[in-house]
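Engineer: For reference, the sequence and a predicted model appear below.
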Amino acid sequence: MTAIQIIVGEPIHRRHLPATVVWVLAFKMISCDNTTVLEFHILAFSTSGDMTYITFIGFLLIYLLVVCGNLLIASLVTAVPQLHTPMYFLLCNLSIVDATFISTIFPNLLSITLTADTTIYFSGCMTQLYFFILCVDEEILILTCMAYDRYVAICSPLHYPLLMSKKMCIVMAASSLLMSTLNSLMFTLLTYGLLFCRSSEINHFFCEIRAIMSLSSSDTTSLEMVLFIEDICLVFLTFLLFMFSYLHIISSILKIRSLKGRFKTFSSCSSHLTSVVVFYGPILFLYMKSLSDHSSDEDKFTSLLYVAAVPMLNPIVYSLRNKEVKGAIRQIVKVKWNRF
């Protein structure tokens, strides 16, 4: 078997080509100089028969629930003056990010599930990767800002109006967006420079960066190192900040003498704590693994937790467990009802 036969998988006998030509062609195919694929194929989830339609309907319902729920929260915060507070301002930003996050991935996933057309052009894949990283980074940073908001509100309530002023909220939101945009652009450009000639099948349900890196014929050592540093700086350090904030929050709650006061204070941050735990669990599990362990079926289902479950969970925990949000909903419904 010749070098070309090994690469292409077709029977080519050595006598058909001179040995020098065979090895020169093989070297060029292996090095893949100035050559890359023009499209990828996203394998997504394997379904057949009736399961295809059941899976499609399930994904469609999740998508509609996430988008409608988060847009409802954002609309309520914008329309109701009682919700014009720092916590709800950050929640409004989080809702917009969640709606954008799932809209980056699920429409294409729905199309793949229904039509079985797994093709996505290279430019489209890079666009999806850009918005995916942007939304993940933005989600992490906004959740961090919300942790700081809860920390100041519970541990330093007298300084809360000064430390969480309207100007400070705008600066926090703008800084989070700027950092996320620059970071996403950096990783997209680094990934865009990779060469792909061995395979074009992405064993995931979207253009996830590690799944793409595993297909590249280029040396990805530098990109792996940058991604590892990113994981440490953005994911792990912000998680430590959450731990630090909530240790102080819990300490302050325990100093409250009445049981009712403790419960009321803790309930003000329980929704945020729930979102953090559900979001960071799969993130830490996936991105602390080595590159060789990625792109498995296990990773697909784990990724669904932070791609779909968290954006779907946020509107539920922030509405069903929050009296102010439920009061705003009743107020809007009452006004609309009286008009009719």
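Structural biologist: Looks like it came in fine.
Engineer: Check the gap between the residue lying closest to P311 once chain neighbours are set aside and G193 for me.
Structural biologist: Leaving aside its sequence neighbours, P311 sits nearest to D98 (CB to CB, 6 or more residues apart in numbering; 3.6 Å). (C-beta placed from N, C-alpha, C; glycine too.) Using CB to CB, to the nearest Å, we find D98 at a distance of 30 Å from G193.
Engineer: more neighbours, those two?
Structural biologist: Set D98 next to G193 and count neighbours by other CB atoms under 10 Å: D98 wins out with 29 against 11.
Engineer: Please identify the buried residues of the host helix or strand of the more buried one?
Structural biologist: Using DSSP states H and E, D98 sits within helix 86-115. Judged by neighbour count using 16 or more other CB atoms under 10 Å, the buried positions of helix 86-115 are 86-106, 108-114.
Engineer: where are the low-confidence patches of the stretch 151-300 of the chain?
Structural biologist: Confidence mapping of the stretch 151-300 of the chain against pLDDT under 70 gives the ranges 198, 287-296.
Engineer: show me where it has helices.
Structural biologist: Assigned by DSSP state H, counting those that start in this stretch, the helices in the stretch 151-300 of the chain fall at 160-163, 166-192, 209-213, 221-230, 237-254, 259-287, 297-304.
Engineer: and the residue nearest to P311, how far is that from S275?
Structural biologist: Distance, D98 to S275, by CB to CB: 10 Å.
Engineer: which residues do the two both contact?
Structural biologist: 310, 314 (CB atoms under 8 Å, 6 or more residues apart in numbering).
Engineer: Need the pLDDT of the spatially most central residue of the chain.
Structural biologist: Nearest residue to the geometric centre of the chain (CA atoms, centre = their mean): V136, 3.7 Å. At V136, the model reports a pLDDT of 91.
Engineer: mind listing what it touches?
Structural biologist: Contacts for V136 (CB under 8 Å, 6+ apart) come out as 101, 283, 306.
Engineer: From A116, how far off is the residue nearest to the first one when sequence neighbours are not counted?
Structural biologist: The shortest distance from F101 to any residue that is not its chain neighbour, by CB to CB, 6+ apart, is 3.8 Å, and that residue is C135. The spacing between C135 and A116, counted by CB to CB, is 27 Å.
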